[in-house]
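Participant: Predicted structure and sequence below. I'll ask about it afterward.
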Amino acid sequence: MAKALIQMALDSLDFDQTIALAEQVSPYVDILEVGTPCIKYNGLEIVTALKAKFPNNLILVDLKTMDAGEYEATPFYEAGADICTVLGVSDKATMGGVIKAANANNAEAQIDLISVKDKKAVATEAAKNGAQIIGVHTGLDAQAAGQTPFADLQAIASLNLGVRISVAGGLNKDTIQKTIQAGANIVVVGAAIYGAPSPAESAKELRALVDAA
Ligand SMILES: O=C([C@H](O)CO)[C@H](O)[C@H](O)COP(=O)(O)O
């Protein structure tokens with residue numbers, strides 16, 4: 001099986017801080033994620049900048065699209081996004097629109113299962129409809145209420161859908177290996193890197209753990 005990828009969630013609102021953080025962590029991570037608050041605040045310009053500055057990293061734009069999938073996602077793929085996210089609670093046509101936009105740009109669509117009630121059903125349908133990545137995601141608000149993504153990961157991995165599984169939700173050095181061992185192909189880390197005294201050191205440590213998993 002291919003090695004798991006590390007995705008760094010860039011969740012700052014500030015344009016220059018986002019670029020500076022990406023500079024520190026880019027040697028150690030595979031995917032640079034423009035987090036939802038960041039993309040709403042900064043728009044297409046930050047995707048263009050990250051794509052130009054970090055040609056060796058994949059760029060994920062965490063749009064969390066809820067409607068008008070193809071229309072909303074197309075400019076982000078055209079600006080250089082390798083992956084865009086669309087909500088699993090959205091209409092089948094919305095998810096289909098983002099998948100269509102991804103395919104038109106030789107890129108990928110990720111279905112985010114955040115707040116989805118029947119996660120197994122949505123993941124199964126999304127994989128059948130051509131989504132390349134299923135995102136198991138415990139959001140920041142759910143984390144604050146004590147939730148974790150591990151039971152959901154187990155449920156989605158058990159389906160063997162033949163698509164990659166991304167996992168986000170408070171992952172850190174103590175949980176990242178068990179997340180991969182439970183079936184994650186992409187592990188997303190935000191606060192454990194950007195909240196560390198040295199984000200570069202933290203990313204380096206996580207890289208070693210992921211490579212050894
Ligand atoms: O996607 C995220 C969240 O919903 C805000 O948009 C985070 O980037 C994601 O949860 C990763 O961050 P951590 O949970 O802090 O690792």
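Facilitator: Alright, I've got the coordinates. Numbering: from 1, shown residues only.

Participant: After the longest strand seen in the chain, which helix or strand is next? Please name it.
Facilitator: In the chain, assigned by DSSP state E, the strand with the most residues is strand 58-65. Once strand 58-65 ends, the next helix or strand along the chain (criterion: DSSP states H and E) is helix 69-78.

Participant: Could you point out the helix or strand that follows that next one?
Facilitator: Downstream of helix 69-78, the next assigned helix or strand under DSSP H and E is strand 83-87.

Participant: how far is the following helix or strand past that following strand from where the chain is centred?
Facilitator: Downstream of strand 83-87, the next assigned helix or strand under DSSP H and E is helix 92-104. Taking C-alpha atoms, centre = their mean, to the nearest Å, one finds helix 92-104 lying 17 Å from the centre of the chain it belongs to.

Participant: Determine the angle, from 0 to 180 degrees, between helix 92-104 and strand 58-65.
Facilitator: Taking axes from the mean of the first three to the mean of the last three C-alpha atoms, to 10 degrees, one finds that helix 92-104 is oriented at 160 degrees with respect to strand 58-65.

Participant: related to what we said a few turns ago, neighbouring contacts of the longest strand of the chain?
Facilitator: Residues from elsewhere that reach strand 58-65 (C-beta atoms under 8 Å, 6 or more residues apart in numbering): 5, 7, 9, 30-36, 39, 47, 50-51, 72-73, 76, 80-87, 90, 94, 98, 110, 112, 114. No exception for glycine: its C-beta is placed from N, CA and C like everyone else's.

Participant: what is the rounded mean pLDDT of it?
Facilitator: The average pLDDT within strand 58-65 is 98.

Participant: And stretch 152-162, by the same measure?
Facilitator: Mean pLDDT, computed over stretch 152-162, is 97.

Participant: now that stretch: how far from the chain's centre is it?
Facilitator: So, by C-alpha atoms, centre = their mean, the centroid of stretch 152-162 is 17 Å from its chain's centroid.

Participant: One more: stretch 206-213?
Facilitator: Stretch 206-213 sits 18 Å away from the centroid of its parent chain (C-alpha atoms, centre = their mean).

Participant: So for it, what gets flagged as buried?
Facilitator: 206, 207, 209, 210 (16 or more other C-beta atoms under 10 Å).

Participant: nearest residue to the second one other than its sequence neighbours?
Facilitator: For residue 207, the nearest residue in space outside its immediate sequence neighbours is residue 28; the separation is 4.3 Å by C-beta to C-beta, 6 or more residues apart in numbering.
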